[in-house]
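Chemist: predicted model follows, preceded by the sequence.
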Amino acid sequence: MQSLVKQSSNKICYMILPEGIKGELCDGLKALSEKHDVSIAIIEDVNWNDDLTPWPAAGVFKKAKPFGGMASAFLNKLPHEIIPEAEKDLGIEDAERTLLGVSLSGLFAVWAAFDTDAFTNIISISGSLWYDGFVEWMEEQTPSPQLKKVCMLLGEKEKNSKEKRMATVEERTLAAANIMKAKSQAAVSFELVEGTHFSPIMPRLERTFEVVFG
């Protein structure tokens, strides 16, 4: 279910990464883990379009399959199956947990901040916060009181998407960050960085670790 990198502290970062970038990050993630003394658990076996979306919505681009909106079922697996298994394997007790997502899993990470108390920190890299009705939903919800830090990073060129919904990502991510600032006691950061949709990825991972663990 997971790829694990163990360190000595009680800090652990759960990552949900797009399939195509996992292999290229192997060495970089080990170095990042060692630098910040943070164990890493990469969550596998994720149905990207369904497990990470909070409610059904139309797909993006022509002929794209719709989003399934099954995040609640997937989130339920985290504290009952995935987290206990990872922390048992790593020998971590009283864990300080961070949830990190990229693109749709970045959306999921922010959504999870309102629906579970399992995580202390949330990292969203190029999060799909343009998702239909999401910012409006945030305005009506209360985030977990356990949150200490929320870090959102977005590529400065992402708003140039030809897909109209995705082109709203910058204004909606900023709005989401402001909602988190207003509704939680967490330290919330939003940064625009060089690049397009989660590319380049490694500098963004390094930056978010500096913000949250540095």
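Modeler: Cool, the structure landed.
Chemist: correct me if wrong: Leu17 contacts Ile42.
Modeler: Yes - using CB atoms under 8 Å, Leu17 is in contact with Ile42, at 6.1 Å. To be clear about C-beta, it is placed using only N, CA and C from the backbone, and glycine gets the same treatment.
Chemist: which of these two has more residues huddled nearby?
Modeler: More neighbours surround Leu17 than the other of Leu17 and Ile42, with 23 against 20 (other CB atoms under 10 Å).
Chemist: need the helices for this protein, in chain order.
Modeler: 26-36, 48-51, 71-77, 83-90, 104-115, 134-139, 169-183, 202-213 (DSSP state H).
Chemist: deepest-packed of those, please.
Modeler: Comparing the helices of the chain by mean neighbour count (mean count of other CB atoms under 10 Å), helix 104-115 comes out on top with a mean of 25.
Chemist: next, the angle from that one to helix 169-183.
Modeler: If you take axes from the mean of the first three to the mean of the last three CA atoms, to 10 degrees, helix 104-115 sits at 20 degrees to helix 169-183.
Chemist: off-centre distance for helix 104-115?
Modeler: 6 Å (CA atoms, centre = their mean, to the nearest Å).
Chemist: now do that helix: which elements does it pack against?
Modeler: When contacts are defined as 3 or more CB pairs under 8 Å, 6 or more residues apart in numbering; DSSP states H and E, helix 104-115 sits against strand 11-16, helix 48-51, helix 71-77, strand 96-102, strand 121-125, helix 134-139, strand 149-155, helix 169-183.
Chemist: format these as TSV; extra columns: distance to Glu87 and mean pLDDT.
Modeler: Shown next, in TSV, are those (distance: least, CB to CB, whole Å; pLDDT from 0 to 100):
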stretch	distance to Glu87	mean pLDDT
strand 11-16	7	97
helix 48-51	21	96
helix 71-77	14	95
strand 96-102	9	97
strand 121-125	16	98
helix 134-139	29	97
strand 149-155	20	97
helix 169-183	26	97
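Chemist: out of those, the one nearest Gly59 is which?
Modeler: helix 48-51 (7.5 Å; CB to CB).
Chemist: reformat the helices and strands packed on helix 104-115 as CSV; add distance to Ile83.
Modeler: Listed next are the helices and strands packed on helix 104-115 as CSV, based on distance: least, CB to CB, whole Å:
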stretch, distance to Ile83
strand 11-16, 7
helix 48-51, 16
helix 71-77, 9
strand 96-102, 7
strand 121-125, 14
helix 134-139, 24
strand 149-155, 19
helix 169-183, 22
